[in-house]
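Enquirer: okay, here's the prediction I keep looking at, along with the sequence it came from:
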Amino acid sequence: MSDTATTLTLTQPDDWHLHFRDGDLLAETVPATARCFARAIVMPNLVPPVTTAAAATEYRARIMQAVPEDKAFEPLMTLYLTGETTVADIQAAKAAGVVAAKLYPRGATTNSDAAVRQVESLFPVFEEMTRQNMLLLIHGEVTDAEIDIFDREKEFIDRHLQAIVRAMPELKVVFEHITTKDAVDFVVTATDKVAATITPQHLLMNRNDLLVGGVRPHNFCLPVLKRNLHQQALQKAVASGSKRFFLGTDSAPHARHMKESACGCAGCYSAWSAIELYAEVFERLGCLDNLEGFASHYGADFYGLPRNTNTITLVRESWQVPSKINLPSGDELVPFYAGETLNWKLQA
Ligand code: DOR
Ligand code: ZN
């Protein structure tokens with residue numbers, strides 16, 4: 001497309017990684033995503049986590065109730081792996097339509113206290129997932145207290161991820177929300193069974209945006225923003241047009257008071273501006289032509305699902321991300337990029 005184009009039409013995109021939460025919050029989060037995306041991979045880190053087929057089925061039904069009437073939206077459900085997950089749990093999940101299972105190292109992030117302590121103990125479960133054609137989605141960070149937070153992703157690759165993909169060469173693995181050059185290099189040199197999602201915040205920001213001039217809690221997520229050379233490696237990965245990198249917002253709401261706190265929660269709520277944020281990055285990188293592959297094709301192809309057939313249109317129009325969202329509970333959410341100007345807007 002030319003530099004002066006005023007509209008951009010894409011196959012309708014999907015979000016391959018996000019957090020809807022549960023209960024009252026669904027009335028906020030589900031319409032925000034269904035506004036733009038046809039499908040989304042729904043993370044299972046609820047309290048308690050989604051560890052069974054039955055829990056996934058019930059959660060899916062609650063999400064469907066929150067889909068606006070004029071939207072066709074399909075949540076793709078995931079199972080939360082624990083040290084107790086069995087081969088039978090995987091079989092039941094597959095039978096219930098669950099497409100993937102999520103590996104959180106214990107303590108790595110929000111609601112991961114029930115997660116896996118010994119990754120290698122799950123190899124029989126991974127073998128069954130391979131047989132069932134279920135994907136393994138990985139939060140790739142070690143959690144050992146002595147490992148520096150900025151090194152936790154690289155350390156996870158070296159200690160666990162290499163071993164997982166070597167032992168399970170046929171298992172499809174999505175390295176979620178990657179943040180480092182090490183992760184990019186790992187993915188591009190791995191087999192075509194390995195892919196990664198990339199968030200808008202990790203493309204738009206580096207750790208200066210978290211810490212320079214004061215702590216910015218609304219830019220705090222996990223894995224934490226890294227130094228700019230890592231940000232540049234992620235930008236290069238998407239600009240390359242490689243099919244191994246696709247859209248996953250990791251949109252993750254936390255009430256304002258939980259983020260603006262002495263011990264603030266990790267997560268950026270980006271759903272209402274997600275596609276616009278990515279368009280901003282791709283335009284700045286001079287690769288707007290690659291946006292459709294990243295947002296609408298490569299994820300579906302990797303998951304083995306059909307591409308969407310309808311389209312969305314973005315228009316070149318400046319608008320400001322709102323400074324806050326009021327929830328019926330009385331809580332407020334501060335969206336990611338609040339108050340900033342974006343130059344593309346989804347046509348209603
Ligand atoms: O920043 C994050 N927030 N990273 C995660 O891995 C989890 C997420 C959440 O659930 O809030
Ligand atoms: Zn996430």
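Expert: Cool, got the structure. Ligands and ions are numbered 1, 2, ... in the order given.

Enquirer: show me where pLDDT drops low in the stretch 151-300 of the chain?
Expert: Within the stretch 151-300 of the chain, no range satisfies pLDDT under 70.

Enquirer: what residues does it have near ligand 1?
Expert: Cys221, Leu222, Asp250, Ala252, Ala266, Gly267 (C-beta under 6 Å from any ligand atom). For the C-beta atoms, the positions are set from N, CA and C on the backbone; glycine is no exception.

Enquirer: so what's the second one up against?
Expert: So that's Leu222. Contact partners of Leu222, counting by C-beta atoms under 8 Å, 6 or more residues apart in numbering, are Ala108, Thr109, Thr110, His139, Glu141, Ala266, Gly267.

Enquirer: list the contacts of stretch 184-196.
Expert: With contacts defined as C-beta under 8 Å, 6+ apart, stretch 184-196 is touched by 157, 161-162, 165, 169-176, 178, 183, 233-234, 236-237, 242-246, 298, 302.

Enquirer: buried only: go through those residues for me.
Expert: Buried by 16 or more other C-beta atoms under 10 Å: 157, 161, 165, 171-176, 178, 183, 233-234, 237, 242, 244-246, 298, 302, out of those.

Enquirer: tell me the spacing between Ala274 and Val224.
Expert: To Val224, Ala274 is 20 Å away according to C-beta to C-beta, to the nearest Å.

Enquirer: do the same with Asn45
Expert: Distance from Asn45 to Val224, counting by C-beta to C-beta: 17 Å.

Enquirer: what of Leu327?
Expert: With C-beta to C-beta as the criterion, Leu327 and Val224 are 26 Å apart.

Enquirer: returning to that earlier point: now, which of the buried ones among the contacts of stretch 184-196 lie within helices?
Expert: Of the buried ones among the contacts of stretch 184-196, the ones assigned to helices by DSSP state H are Val165, Ala183, Ala233, Leu234, Ala237, Tyr298, Phe302.

Enquirer: name the element the closest residue to Cys36 other than its chain neighbours belongs to?
Expert: Leaving aside its sequence neighbours, Cys36 sits nearest to Ile275 (C-beta to C-beta, 6 or more residues apart in numbering; 5.1 Å). Counting by DSSP states H and E, the element that carries Ile275 is helix 274-284.

Enquirer: for the helix or strand following that helix, enumerate the helices and strands it packs against.
Expert: Where DSSP H and E defines the elements, the next helix or strand beyond helix 274-284 is helix 291-292. Packing partners of helix 291-292 (3 or more C-beta pairs under 8 Å, 6 or more residues apart in numbering; DSSP states H and E): strand 7-11, helix 274-284.

Enquirer: helix 291-292: how far from the chain's middle?
Expert: On the basis of C-alpha atoms, centre = their mean, to the nearest Å, helix 291-292 sits 17 Å off its chain's mean C-alpha point.

Enquirer: list the contacts for Ile41?
Expert: Asp14, Asp15, Trp16, His17, Leu18, Leu76, Thr78, Val99, Ala100, Leu137, Gly248.

Enquirer: quick one: contacts for the last one?
Expert: Which is Gly248. Asp15, Trp16, His17, Leu18, Ile41, Val174, Glu176, His177, Thr197, Ile198, Thr199, Gly299.

Enquirer: do the first one as well
Expert: For Asp14, the contacting residues are Phe37, Ala38, Arg39, Ala40, Ile41, Leu247, Ala295, Ser296, Gly299, Ala300, Asn308, taking C-beta under 8 Å, 6+ apart as the criterion.

Enquirer: and if you look at the second one?
Expert: Asp15 sits next to Thr33, Phe37, Arg39, Ala40, Ile41, Leu247, Gly248, Thr249, Ser251, Ala271, Ala274 when contact means C-beta under 8 Å, 6+ apart.

Enquirer: of the residues you listed, buried ones?
Expert: Buried subset of the contacts of Asp15 (neighbour count, 16+ other C-beta under 10 Å): Thr33, Phe37, Arg39, Ala40, Ile41, Leu247, Gly248, Thr249, Ser251, Ala271, Ala274.

Enquirer: closest to ligand 1 among those?
Expert: Of all those, ligand 1 sits closest to Ser251, with 9.0 Å by C-beta to the nearest ligand atom.

Enquirer: which strand residues bridge the closest one?
Expert: With DSSP bridges as the criterion, Ser251 is bridged to Leu18, Cys268.

Enquirer: hmm, it is touching Leu277, no?
Expert: No: between Ser251 and Leu277 there is no contact under C-beta atoms under 8 Å: 10.2 Å.

Enquirer: quickly list what's touching both of these two.
Expert: In contact with both Ser251 and Leu277: Ser270, Phe336, using C-beta under 8 Å, 6+ apart.

Enquirer: run a quick neighbour tally on the residue lying closest to Ser261 once chain neighbours are set aside.
Expert: Sequence neighbours aside, Pro217 is the residue nearest to Ser261 in space, at 7.4 Å (criterion: C-beta to C-beta, 6+ apart). Neighbour count of Pro217, defined by other C-beta atoms under 10 Å: 17.
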